[in-house]
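Chemist: build me a structure from this.
(2 chains, ligands or ions: 3)
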Amino acid sequence: MFKLIDNYMIVPNIHLLTVEAPNVAREARPGQFVIVRADNEGERIPLSLSDWDAEKGTVTMAVMNVGKTTSRLAELEAGTSMPTVVGPLGNPSEIDEFGSVLCVGGCYGIGSIYPIARALKEKNNKVFTVLEARSSYLMYWEEKLRGFSDKIIYISRDGTHGYRGHVNQLPDIIESLGVPIDRVIINGCTLLLKKASDATRPLGIKTIVSLNPIMIDGTGMCGVCRVTVGSKTRFACVDGPDFDAHEVDWDELLQRRKSYMSEEAKPLRTSGCEKRGCLTTQPVVR
Amino acid sequence: MAEDKTPGKKPAKKAKARKKLDLDRRDIPKQPVEARVRNFDEVALGYSAETAIEEAKRCLVCKKPKCIGSCPVEIDITGFIECIAQGDFAEGVRILKEKNLLPAICGRVCPQEDQCEGVCALTKKKGEIAIGRLERFLADWEAEQPDIEIPVIPPPTGRRVAVVGGGPAGLTVAGDLIRQGHGVTIFEALHEMGGVLIYGIPEFRLPKRIVKREVDYLEKLGVEMVTDFVVGKTRTIDSMLEEYDAVFIGSGAGLPWFMDIPGENLNGVYSANEYLTRMNLMKGYKFPDSGTPIVKHKKVAVIGGGNVAMDCARTALRLGAESHIIYRRSREELPARLEEIENTEEEGVTFQFLTLPIRYIGNDNGWVEAMECLRMELGEPDQSGRRRPVPIEGSETIIPFDAIICAIGNSPNPLIAKTTPGLEIGRRGNIVTDEETGKTTKDRVWAGGDVATGAATVILAMGAGRKAARSIHEYLGSLPVKS
Ligand SMILES: Cc1cc2nc3c(=O)[nH]c(=O)nc-3n(C[C@H](O)[C@H](O)[C@H](O)COP(=O)(O)OP(=O)(O)OC[C@H]3O[C@@H](n4cnc5c(N)ncnc54)[C@H](O)[C@@H]3O)c2cc1C
Ligand SMILES: Cc1cc2nc3c(=O)[nH]c(=O)nc-3n(C[C@H](O)[C@H](O)[C@H](O)COP(=O)(O)OP(=O)(O)OC[C@H]3O[C@@H](n4cnc5c(N)ncnc54)[C@H](O)[C@@H]3O)c2cc1C
Ligand code: FES
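Modeler: Residues are numbered from 1 along each chain as shown, chains lettered A, B, ... in the order given. Ligands and ions are numbered 1, 2, ... in the order given. This is a model prediction of the structure:
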C-alpha cells in the first residue's frame, strides 16, 4: 500500500497527487512514469512523474481527469492509500548538452515537462518552456518552471495568456526566440503531441514526444502499448515512452487509443479525453 | 534383491500378476458443457474419496515404476497411490509433498500424458492410471483439513536471499530456503503473486483461490513478499546483491511474440498475454463491475495450438463469442495438454488446422474485420521431429473475424538481462544457467524456470527452483556463520 500524502485540484480537472513510494523516488529520472491503481478492483493506468523527493520518499503526478480511474484518483483523500504505485518505468528522457531546447507542456504534460526542464538546465542548456492550455486559468507551475527556464512562453486557445491558438503557433514562437533550437521535447495528451509534431516537422528540428498509448503492466508483457515508429512496432512502455515525433504513425496511435472507448464509457459518467477535445474548459462535474 | 529369488516369495508375486486388470480409468466429474461455457468456474470437479480409492486400486504398483522416472521432480507416485488405495490420505499427502510443493496446481495443469501417465504400464492397454487426478485429489483433500501443519523451521541463519518473480519457480525457491532457516524476500512486478498461474491460466482451469492458498502458506512460513516491484527498474540486481547474500531470478518468459505480418496493430488484435491478463489478473470477465475494460467480440480467431491458445479460445467462448483456433499443423501436433484439447473441442471451439494467417484486414475505423490465410500441407519432419507445414500455393482465403488473439509464444523479458552486467544471455534471450545447480555466470546469482528454458511447464519451473534452492543453500552454508 502506498500512502497518499497530498491530493488537490491545482487547476480545474487536474489534480496533483503526492504519494509515498520511496523505492520509486530513489530511482526516478525525468521522463519516466509509474503505473497506479486507485483501488483493488481497479484498472492499472500509467502516469508520468512530475516531481519526486528521494529523501522524503515521495513522488508527485499531475492527473488529468478524463475517465473512471482518473476520477477515482481525484476523489482519494490525503492519508488514505493506493494499492499500486509501481516504477519508475520506461526509459528516462535523453538529457544532454543539446544547446537550446524548447520544452512544450500541455494538460498533465505541464507537470511532467518540469523535471525534464530542470535536468536540461542542470546540463547548461538554454531552456525555453512553452505552456499550452485552453485558457490562462488552466496553467500551473509557472513559478517552479521559471526557476529552470530562460523564458516561459504561453499559448492559450482563448488568447487570455500569451499567444492565441494552440501548438500550431510553435513555428512563430521558435522564430521569435532569435536563436536556433536544437531540440523540441513535448509532453501532454496525444492530440497535442501530434499537432506539435506536425508543427515542427517542416522546421526540421529533432522533436521528441512522450507517447501515451493504453498500457496494462508497463513492463513489456502484454503488448497493448505497441506503437509504430519508423515503420517498426515498438512497445512504448519499455522501448519508450519517448520517441522521435516525426517517425510516429500518429493515425494508428490515435486509433489504438480508442480501442476501449465505447467500453470505457460504460462505467463512466464523464466523457473521454478525445471527445472533449482534450483541452476542456469545463471542470468535470462529479 | 536376494529375497525376491526365494521360492517362498513366488506365489505372492504370481497372485499379483494374476490380479484381474482393471482398465476402466475412472472419469473425473465435470461441469456439464452447456453450463460451463457460460461461467468461469472450474470445469473438472475432482474425484470423490470413493472414486479416488477405486482408481488407486487399479495401480499395479510396479516394482520398477516407470512413472517415477518420467516425473520431472521424481515424486514417489506408486507410494502415494498405495496410500490412497489404503485410505491413508494424510500419509499420501506427506509423500507427495516431499517432492512437490504445489500438488494442487500440478495435478491440474501438468501434461501428464507426456510424463508419468505416458509411461504407465497400463498405457498401452489404454487404461493408464489417472495420476494427475489422484495428485489433485490428495492436495484438495488436504486443503479441506482443519489445520495445515506448519513445519518446524530451524533457527534463522542470518542469511538473506532475494527472489525475483512470484511464479512457480520463485515460489519453490522461497519455500525450500525458508525451511532451511534463511530469510527470503520475493519481489514481484505485478500486484499479485503467482506468475502465469495468476495472470495467465484462467479461473476455469486453475481457480485462483488455490494459488492464493499456496502463496498464503509461504507467507505463514515467513517468506516476505513485495509486490509492485520491477527488478531492473525499481532496483537493479547489483544493488540487491549489496543487501542480499544471493539472488534467484525466476522472472519467466513474459515477452509476447507477434508474427510481424500486416495489420497486426489494428484494434481487436491482441497478444494472448494482454487478453488473458485483462481477464484473469484484472478480472475483466466481471466488467463493468471491475475497472478493466474488455470488448465484446462476435467471432474470435486464436492463432496457435498450445495451452495458451486453448485458454484464450475457451475464454472468448465464455464471453459469448464464436471461437476458432487457427493452427498451422494438424491435430496430432497440437502441443496443448490432451485433456484441455478434449475440453476445448467439447465446448464447441472450432479448429481450423493447416491454416496460417498472412495478413489482417481492417475497416475504416482501424478495427480488424478479416484475416487472410494460407492453407498448409505437412512436409518433411523438422528439427522438433514434427512434420513441417508447407503453404499450398494459391490457397489464399479471407475469413471474417472481429478479433484476433496471437498465442504463438513468449520469450524471456530482456529487462533484467539489460540491467544486469555479467549475466550471460542465450540466443533466445534466456539466462544461461548450469542445468544441475541453476547457477548463472554471475557470482551469487541463480536463475530457473521459463527465464532459463524459454516457455515450458509449471513442473519444470518448480524442478528448476528446487535444484537452485539446493545449490543456494549449499553456498550459504559455506559462508562463515553469522551471529
Ligand atoms: C506513459 C504515459 C504517461 C502518462 N502520464 C499521464 C499523466 O502524467 N497524467 C495524466 O493525467 N495522464 C497520463 N497519461 C494518460 C493516462 O494514463 C490516461 O488518461 C488514463 O489511463 C485514463 O484512465 P481513466 O480510467 O481515467 O479513463 P478511461 O475511463 O480509461 O478512459 C476515458 C477516456 O480517456 C481516454 N484515454 C484512455 N487511455 C488513455 C491514455 N492512455 N491517455 C490519454 N487518454 C486516454 C480514452 O479516450 C477514454 O475514452 C499517461 C499515459 C501514458 C501511456
Ligand atoms: C496461458 C498459459 C497457460 C499455461 N498452461 C500450462 C499448463 O497447463 N501446464 C503447464 O505445465 N504449464 C502451463 N503454462 C506454462 C507455465 O505456466 C509456465 O511454464 C510457468 O508458469 C513458468 O514459471 P516461472 O516461475 O518460470 O515463470 P512465471 O510463471 O512466468 O512467473 C514469473 C514471474 O516473474 C515476474 N517478473 C517478471 N519480470 C520481473 C521483474 N523484472 N521483476 C519482478 N518480477 C518480475 C512476473 O510478473 C511473473 O509473476 C501455461 C502458460 C500460459 C501463459
Ligand atoms: S504496457 Fe504491457 S507491454 Fe507495454
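
Chemist: and residue A:179, what does it touch?
Modeler: Contacts for residue A:179 (C-beta atoms under 8 Å, 6 or more residues apart in numbering or on different chains) come out as A:100, A:126. (C-beta placed from N, C-alpha, C; glycine too.)

Chemist: list the backbone torsions phi and psi for it.
Modeler: Backbone geometry at residue A:179, expressed as degrees, to the nearest 10, gives phi -130, psi 150.

Chemist: separation between it and residue A:125?
Modeler: 11 Å (C-beta to C-beta, to the nearest Å).

Chemist: okay, and the common contacts of those two?
Modeler: Joint contacts of residue A:179 and residue A:125 (C-beta under 8 Å, 6+ apart) are residue A:100.

Chemist: residue B:359: neighbour count?
Modeler: Using other C-beta atoms under 10 Å in any protein chain shown, residue B:359 is surrounded by 16 other residues.

Chemist: now the one 5 residues further on
Modeler: Applying other C-beta under 10 Å, we find 6 residues neighbouring residue B:364.

Chemist: what kind of secondary structure is it in?
Modeler: Secondary structure state of residue B:364, per DSSP: H, G, I helix; E, B strand; the rest coil, is coil.

Chemist: and it, how far from ligand 3?
Modeler: Distance, residue B:364 to ligand 3, by C-beta to the nearest ligand atom, to the nearest Å: 27 Å.

Chemist: check that residue and give its pLDDT.
Modeler: If you check residue B:364, the pLDDT there is 90.

Chemist: residues touching the closest residue to residue B:345 other than its chain neighbours, list them.
Modeler: Nearest residue to residue B:345 in three dimensions, chain neighbours excluded: residue B:351, at 7.2 Å (C-beta to C-beta, 6 or more residues apart in numbering or on different chains). Applying C-beta under 8 Å, 6+ apart to residue B:351 gives the contacts B:324, B:325, B:327, B:331, B:345.

Chemist: narrow those residues to those in strands?
Modeler: B:324, B:325 (DSSP state E).

Chemist: which of the contacts of residue B:351 are buried, as a ChimeraX select command?
Modeler: Buried members of those, defined by 16 or more other C-beta atoms under 10 Å in any protein chain shown, are picked up in ChimeraX with:
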select /B:324,325,327
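
Chemist: taking chain B, what residue is nearest to chain A?
Modeler: residue B:366 (3.5 Å; C-beta to the nearest C-beta).

Chemist: quick check: that residue touching residue B:269?
Modeler: No: under the criterion of C-beta atoms under 8 Å, residue B:366 makes no contact with residue B:269, lying 10.5 Å away.

Chemist: and the helices in chain A?
Modeler: Using DSSP state H, the helices of chain A run over residues A:22-27, A:68-75, A:108-122, A:142-146, A:170-177, A:190-200, A:236-239, A:250-256, A:261-265.

Chemist: for ligand 3, which of those is the nearest?
Modeler: When the helices of chain A are compared by C-beta to the nearest ligand atom, helix A:236-239 sits nearest ligand 3, at 3.2 Å.

Chemist: where does the stretch 351-483 of chain B have low pLDDT?
Modeler: Within the stretch 351-483 of chain B, the stretches with pLDDT under 70 are B:483.

Chemist: span of stretch B:225-239 from start to end?
Modeler: Its first and final residues considered, stretch B:225-239 spans 18 Å by C-alpha to C-alpha, to the nearest Å.

Chemist: that stretch and ligand 2, any residue contact?
Modeler: Yes: using C-beta under 6 Å from any ligand atom, stretch B:225-239 reaches ligand 2 at B:230, B:231, B:232.

Chemist: repeat for stretch B:208-222
Modeler: No: Stretch B:208-222 is not in contact with ligand 2 by C-beta under 6 Å from any ligand atom; minimum separation 10.4 Å.

Chemist: ok, and what's touching that stretch?
Modeler: By C-beta under 8 Å, 6+ apart, the list of residues contacting stretch B:208-222 reads B:101-102, B:104-105, B:108, B:143, B:148, B:150-151, B:153, B:166, B:171, B:174-175, B:178-179, B:183-184, B:193-194, B:197-198, B:225, B:280.

Chemist: beta partners of residue B:359?
Modeler: Beta-bridge pairing of residue B:359, defined through DSSP bridges, involves residue B:372.

Chemist: what sits against it?
Modeler: Listed by C-beta under 8 Å, 6+ apart, the contact set of residue B:359 reads B:261, B:262, B:263, B:371, B:372.

Chemist: and of those, the nearest to ligand 1?
Modeler: Proximity of these to ligand 1 (C-beta to the nearest ligand atom) peaks at residue B:263, which lies at 22.2 Å.

Chemist: tell me, how many residues neighbour that closest one?
Modeler: So residue B:263, with other C-beta under 10 Å, has 18 neighbours.
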